[in-house]
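Q: Model the following, please.
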Amino acid sequence: MAASFAVLFLGLAAGLIAAVLWIVNDTQTSSLVRANDADIATVDNGFRDEGIDEAVEVTKQRLGSSDSVRALSRGAYILLEDRAHGKRFGNLEGFAPRLGLFDLTSTGSHILGRGVLLAPEVYLFVGRDTAEITAARVRIVKAFGWVIAGSMLFAGIGGTLLRVQLMRRVDAITRTCEGIIAGRFNERILIRSRGDELERLSVAINEMLNRISALLDNLRQVSSDVAHDLRTPLTRLRNRLEEARGGSVTTVDYAAAVARAIDDTDQVLAMFSALLRISQIEAGTRVATFTQLSLSKLLENVVDMYRPVAEDHRHVLSASIQPEVGIRGDAELLTQLFSNLIENAIHHTPMHTTIHVALQSSEDAIVASVSDDGPGIPADEHSKVLRRFYRLSRDRSTSGHGLGLALVAAIANLHQATLRLADAKPGLCVSTNFC
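A: Presented below is the predicted three-dimensional model:
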């Protein structure tokens, strides 16, 4: 690419040189021709007034005057001759008469002049040496040559330094990527706050690596949690089947054992179903189904649906929902999100707990929250309860798999919402902030 631009630069420079040379040559040549024509007009006026002798006298005056001396110093040449006497005056040797503008070589000089007939028998040639025009062209070419050479030199030096600097940064990115390939997932590209394209690329790569690292950590955690949490129901299932094989003697005993085994199997299947749903949500495939919906009506429907359930558990479910609040999202998933939060509040708080659902909209964000005045969750476990299979020690004796809040977090992330757990003093407040 650098070589291509160098060739392009040289081509443009050559075009510029050609244009300048043509302009300078045309300007100087035109000036020279005008000077020749002025001398011809002066001699012609003298010839017309008083004949050939006056033309000779004018020619002598032109060559002998101070102006003509300067003209001679610039390489002026005049030849006046007639057919009867040959050369009458001038600083050129006689030659066969030629008319019009033409080039003439004499005594090593290149002369551009014009030949005219003052009368049928009188010939006049006035010309000037073109050495100054040639010298000017040479000086222009040399000047441009030095400029181009200097430009190419500095461009080469600058290009080399730029290439070295660029390759250092590219090598740093390459080494980081090679380190990631080698398994060093904690390596990141050093950011120097230059604000250029490579820095933006480095920031994007670092963010991508952070995301991949988080996904890998999550995958390892999920794999470990799945192995740990499946062990209990599968062990229980095996023990019951073993008990049924060795201890059941009647069809009623076998039926009871099979029923308990089916319950354990349903528990495992429910766990896998919840994991699959979380994975599908985290994959982002449901974004294509997003539509504009009324979050106010959705929350009102959820509250109406769970109010009888809360009353059955001797809880109080209240709501303060701002009307006509709309967002873009998936109605089914959002219903699942708020249903999980209300169910958690119902099942993990003592009787007579007040559960409050709120929705507020402002210029900055839309905030939907589910709060209660129950025992709450310790602050150091707020982030842990959002992980798959994580359960508080006090809840391990109750039914569930610890996937409810993980599903809530996945749905909130899909909607680009921020899920926050806070101490309600007393109780817990789970808020979902939609930007």
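Q: Next, count neighbours for Ala135.
A: Neighbour count for Ala135, taken as other Cβ atoms under 10 Å: 10. Every residue, glycine included, has its C-beta placed from N, CA and C.
Q: List the buried residues for stretch 117-133?
A: Residues 118, 122-130, 133 are the ones in stretch 117-133 that count as buried (16 or more other Cβ atoms under 10 Å).
Q: so which of these would you say is closest to Phe95?
A: The closest of the buried residues of stretch 117-133 to Phe95 turns out to be Phe125 (Cβ to Cβ; 8.2 Å).
Q: Would you map the helices across the stretch 51-200 of the chain?
A: Ranges of helices in the stretch 51-200 of the chain, per DSSP state H, counting those that start in this stretch, are 52-64, 66-73, 131-181, 197-247.
Q: With respect to burial, which of those helices scores highest?
A: Mean neighbour count, computed with mean count of other Cβ atoms under 10 Å, is highest for helix 52-64 among the helices of the stretch 51-200 of the chain, reaching a mean of 18.
Q: Report all helices and strands that that helix contacts.
A: Packing partners of helix 52-64 (3 or more Cβ pairs under 8 Å, 6 or more residues apart in numbering; DSSP states H and E): helix 2-50, helix 66-73, strand 76-82, strand 86-90, strand 122-129.
Q: ranking those by mean pLDDT, which is last?
A: Mean pLDDT is lowest for helix 66-73 among the helices and strands packed on helix 52-64, at a mean of 42.
Q: hang on, the earlier thing: save the helices of the stretch 51-200 of the chain as TSV, and put in distance to Ala417 too.
A: TSV is the format used below for the helices of the stretch 51-200 of the chain (distance: least, Cβ to Cβ, whole Å):
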stretch	distance to Ala417
helix 52-64	98
helix 66-73	91
helix 131-181	30
helix 197-247	18
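Q: Now for Ala84: which residues touch it?
A: Residues near Ala84 by Cβ atoms under 8 Å, 6 or more residues apart in numbering: Glu121.
Q: Okay, it and Ile212: tell me how far apart.
A: Distance of Ala84 to Ile212, given as Cβ to Cβ, to the nearest Å: 107 Å.
Q: In this protein, where is pLDDT below threshold?
A: Where the chain drops to pLDDT under 70, the residues are 64-74, 222-230, 248-249, 282-285, 388-402.
Q: Domain-wise, how is it divided?
A: Domain ranges of the chain: 2-136, 197-282, 287-434, per automatic domain parsing.
Q: hmm, back to that, quick one, which of the helices of the stretch 51-200 of the chain gets closest to Leu99.
A: Closest approach to Leu99 among the helices of the stretch 51-200 of the chain is made by helix 52-64 (17.2 Å; Cβ to Cβ).
Q: count of residues packed around Asp304?
A: By other Cβ under 10 Å, the residues close to Asp304 number 11.
Q: Leaving out sequence neighbours, find the closest residue to Arg137.
A: Leaving aside its chain neighbours, Arg137 sits nearest to Leu21 (5.7 Å; criterion: Cβ to Cβ, 6 or more residues apart in numbering).
Q: show me the contacts for the one you found.
A: Neighbouring residues of Leu21 by Cβ under 8 Å, 6+ apart: 137, 140-141.
Q: Columns distance to Ile181 on top of those residues, output as JSON lines?
A: Formatted as JSON lines, those follow (distance: Cβ to Cβ, whole Å):
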{"residue": "Arg137", "distance to Ile181": "62"}
{"residue": "Ile140", "distance to Ile181": "58"}
{"residue": "Val141", "distance to Ile181": "56"}
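Q: now, which of the residues you listed sits nearest Ser296?
A: Nearest member of the contacts of Leu21 to Ser296, counting by Cβ to Cβ, is Ile140, at 80.2 Å.
Q: Quickly run through the sheet partners of the longest strand seen in the chain, with directions.
A: Ordering each strand of the chain by length in residues (DSSP state E) puts strand 109-119 first. In the sheet, strand 109-119 lines up against strand 100-106 (antiparallel), strand 122-129 (antiparallel) (DSSP bridges).
Q: Of those strands, give the one that comes closest to Ala55.
A: Across these, Ala55 has its closest neighbour in strand 122-129 (7.1 Å, Cβ to Cβ).
Q: mind checking how far that closest one is from the chain centre?
A: 70 Å (Cα atoms, centre = their mean, to the nearest Å).
Q: any residues touching it, and which ones?
A: Applying Cβ under 8 Å, 6+ apart, the external contacts of strand 122-129 come out as 32, 35-36, 39-40, 43-44, 47, 52, 55, 71, 74-83, 90, 92, 97-98, 104, 109-118.
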